[in-house]
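Q: The sequence isn't on hand, but the structure is:
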């Protein structure tokens with residue numbers, strides 16, 4: 001166990017350095033970014049995600065911002081014929097577009113958005129099993145082939161591979177549950 005600690009520390013340091021090099025949307029406009037998004041594609045090396053990705057469907061995310069500038073995200077996921085809700089709070093990190101998880105060791109970065117059609121989020125989770133995720137959010141469930149191709153080209157630049165990608169099929173299962 002003691003021999004594993006230096007390599008674990010090195011792996012975490014690499015993840016933190018990788019997170020620091022992730023580009024961020026310049027001058028993120030939180031008012032334009034807030035609102036409903038569809039999670040249409042995800043690439044991640046998280047073992048739980050990799051086991052579940054083939055059965056996943058498109059989910060909804062409602063993004064809002066607190067008066068302090070923290071990012072609040074409500075996720076509604078269609079899981080096993082019912083809708084599961086999760087609420088996440090990310091604290092402002094001092095740089096617009098970069099946020100830190102309040103409870104867990106998560107870092108979230110808004111890499112790119114045009115506010116009205118798509119957003120690309122990068123998340124690093126460094127709790128028990130370090131993992132990286134890249135998410136494509138869209139305002140509509142339909143995603144253009146060009147946008148999907150652009151997202152696929154980003155995957156290897158974040159240390160992920162194409163076999164870690166899930167293009168989530170459309171689902172109306174939890175749309176009415178958003179509030």
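A: Structure's in. What do you need? What you see is a predicted model, and the numbers here were worked out from it, not measured in a lab.
Q: Strands of the chain, start to end?
A: Per DSSP state E, the chain has strands spanning 35-44, 59-65, 71-79, 82-92, 98-101, 106-113, 118-125, 131-138, 165-167. These are given in chain order.
Q: Compile these into JSON lines and extend it with columns for mean pLDDT.
A: What follows is those, written out as JSON lines (pLDDT from 0 to 100):
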{"stretch": "strand 35-44", "mean pLDDT": "96"}
{"stretch": "strand 59-65", "mean pLDDT": "94"}
{"stretch": "strand 71-79", "mean pLDDT": "88"}
{"stretch": "strand 82-92", "mean pLDDT": "89"}
{"stretch": "strand 98-101", "mean pLDDT": "91"}
{"stretch": "strand 106-113", "mean pLDDT": "94"}
{"stretch": "strand 118-125", "mean pLDDT": "94"}
{"stretch": "strand 131-138", "mean pLDDT": "95"}
{"stretch": "strand 165-167", "mean pLDDT": "95"}
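Q: Show me the one of those that comes nearest residue 156.
A: The closest of the strands of the chain to residue 156 is strand 35-44. By C-beta to C-beta, the value is 9.5 Å. Glycine gets a C-beta too; all of them are placed from N, C-alpha and C.
Q: ok, residues contacting that closest one?
A: 49-50, 53, 56, 58-63, 75, 119, 131-141, 143, 148, 151, 155, 158, 160, 162, 164-168, 178 (C-beta atoms under 8 Å, 6 or more residues apart in numbering).
Q: now that strand against strand 131-138, angle please.
A: Here the directions of strand 35-44 and strand 131-138 differ by 140 degrees (axes from the mean of the first three to the mean of the last three C-alpha atoms, to 10 degrees).
Q: among the strands of the chain, which is nearest residue 173?
A: Closest approach to residue 173 among the strands of the chain (C-beta to C-beta): strand 71-79, 4.0 Å.
Q: Quick check: which of the strands of the chain is nearest to residue 26?
A: Distances from residue 26 to each of the strands of the chain were compared by C-beta to C-beta, and the smallest falls on strand 106-113, at 9.6 Å.
Q: Can you give the contact residues for the closest one?
A: Residues lying outside strand 106-113 but in contact with it, judged by C-beta under 8 Å, 6+ apart, are 19, 22-25, 28, 33, 71, 88, 90, 93, 97-101, 118-127, 154.
Q: Filter those residues down to the buried ones.
A: Burial of the contacts of strand 106-113 was assessed by neighbour count (16 or more other C-beta atoms under 10 Å); the buried members are 19, 22, 24-25, 28, 33, 71, 88, 90, 93, 97-101, 118-126, 154.
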